[in-house]
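# Provide a 3D model corresponding to the input given below.
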Amino acid sequence: MWNRRSEEAPRPPAAVPPPPQPHLQPHPQVVQSAPSAVPQPKPSSTVLGKSVTIVGEIVSQEDLTIDGDVKGSVEARDSRLTIGPNGKLEASSLKAREVVVMGTVRGNVEALNKVFIRKDATLVGDVQTAGIVIEDGAYFKGGIDIQTRK
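Residues are numbered from 1 along each chain as shown. Reported below is the predicted structural model:
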């Protein structure tokens, strides 16, 4: 005898939803990790843009770049002070660990490590530092007092 159902293509079984799972609450896990070295933060830096004008006193604990106009005193004893190419500084007092001049500085400079006067820069004033670099094309007028590091 002929069985019509056996000759038909097999049908896939009907989708049966999975049995309901009991509601499980996650258990808090305590994970102990080996102590790791605390990453040291990168030295931060502040930039005063070319549209900024400051009259007064600046005291900084981080590297400072001045690309605007400043009249007054600047102190960044443990940091680098950079006078950008557009920067103009008329300083009654300028003290920093390192000074880089790319713009114009009028006033006395005191740097613990070194003073760099880049090409096309102008520095008019006395310099007190452990080392100085004056590039060709820079303008410098003043005295230099080389201090030995203690």
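# Do a quick rundown of the strands in the chain.
45-48, 53-59, 63-66, 69-83, 88-101, 104-106, 109-117, 122-124, 127-129, 132-134, 139-141, 144-146 (DSSP state E).
# just for this structure, where's the confidence low?
1-43, 149-150 (pLDDT under 70).
# just to revisit the earlier point, could the strands of the chain go into JSON lines alongside mean neighbour count?
C-beta coordinates here come from the backbone N, C-alpha and C atoms, glycine included. Formatted as JSON lines, the strands of the chain follow (neighbours: other C-beta atoms under 10 Å):
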{"stretch": "strand 45-48", "mean neighbour count": "15"}
{"stretch": "strand 53-59", "mean neighbour count": "12"}
{"stretch": "strand 63-66", "mean neighbour count": "21"}
{"stretch": "strand 69-83", "mean neighbour count": "20"}
{"stretch": "strand 88-101", "mean neighbour count": "20"}
{"stretch": "strand 104-106", "mean neighbour count": "22"}
{"stretch": "strand 109-117", "mean neighbour count": "20"}
{"stretch": "strand 122-124", "mean neighbour count": "19"}
{"stretch": "strand 127-129", "mean neighbour count": "20"}
{"stretch": "strand 132-134", "mean neighbour count": "16"}
{"stretch": "strand 139-141", "mean neighbour count": "13"}
{"stretch": "strand 144-146", "mean neighbour count": "11"}
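# What's opposite E98 in the beta bridge?
Beta-bridge pairing of E98 under DSSP bridges involves R80, K114.
# In contact with it, which residues?
E98 sits next to S79, R80, L81, A111, L112, N113, K114, V115, F116 when contact means C-beta atoms under 8 Å, 6 or more residues apart in numbering.
# again, 7 Å this time
R80, A111, N113, K114 (C-beta atoms under 7 Å, 6 or more residues apart in numbering).
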